[in-house]
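> Only the shape, not the letters, is given here:
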């Protein structure tokens, strides 16, 4: 039996590690009401959060928004990074929870 060691080109998987929050429910109920018109005009949840400096990801366990942990500055502590994420989340979400580390992924194959 031959084993392949390395990248598999026909694989459709992705994973992410965010400092952020998991989203549950309709996006219209999650966002700040004053931002709904902008979201509806865009029609793209990833672009909406990107414009606010946040990353949106969808995985096997649901949707999440925050910042990629690999974008944390080397000189920053985790608590400082969480505070930054918390500030960004408060600008976009109606009732954000405190950010935590979220690891998830998906496979389409």
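Right, received. Where do you want to start? Bear in mind that the values here come from a model prediction, so they are computed numbers and not experimental data. Residues are numbered from 1 along each chain as shown.
> Please enumerate the strands of the protein.
Secondary structure of the chain (DSSP state E): strands located at 13-23, 55-59, 62-68, 100-107.
> where does this structure have low pLDDT?
The chain contains residues with pLDDT under 70 at 1-13, 106-109.
> can you do 50?
For the chain, applying pLDDT under 50 flags the ranges 1-5, 7-8.
> what residues are up against residue 71?
By Cβ atoms under 8 Å, 6 or more residues apart in numbering, residue 71 lies in contact with nothing. C-beta: built from backbone N, CA, C; applies to glycine.
> Dump the strands of the chain to TSV, plus mean neighbour count.
As requested, the strands of the chain are arranged in TSV below (neighbours: other Cβ atoms under 10 Å):
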stretch	mean neighbour count
strand 13-23	19
strand 55-59	19
strand 62-68	20
strand 100-107	14
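> of those, which approaches residue 49 most closely?
The closest of the strands of the chain to residue 49 is strand 55-59. By Cβ to Cβ, the value is 4.3 Å.
> quick revisit: would you mind telling me which of the strands of the chain is nearest residue 92?
Nearest to residue 92 among the strands of the chain is strand 62-68 (7.6 Å), distances taken as Cβ to Cβ.
> what's the closest one in contact with?
So strand 62-68 is contacted by 16-24, 49, 53-58, 81, 84-85, 88-89, 92-93, 99, 102, 104 (Cβ under 8 Å, 6+ apart).
> mind running it again at 6 Å?
If you take Cβ atoms under 6 Å, 6 or more residues apart in numbering as the criterion, strand 62-68 is touched by 18-20, 22-23, 49, 54-57, 85, 99, 102.
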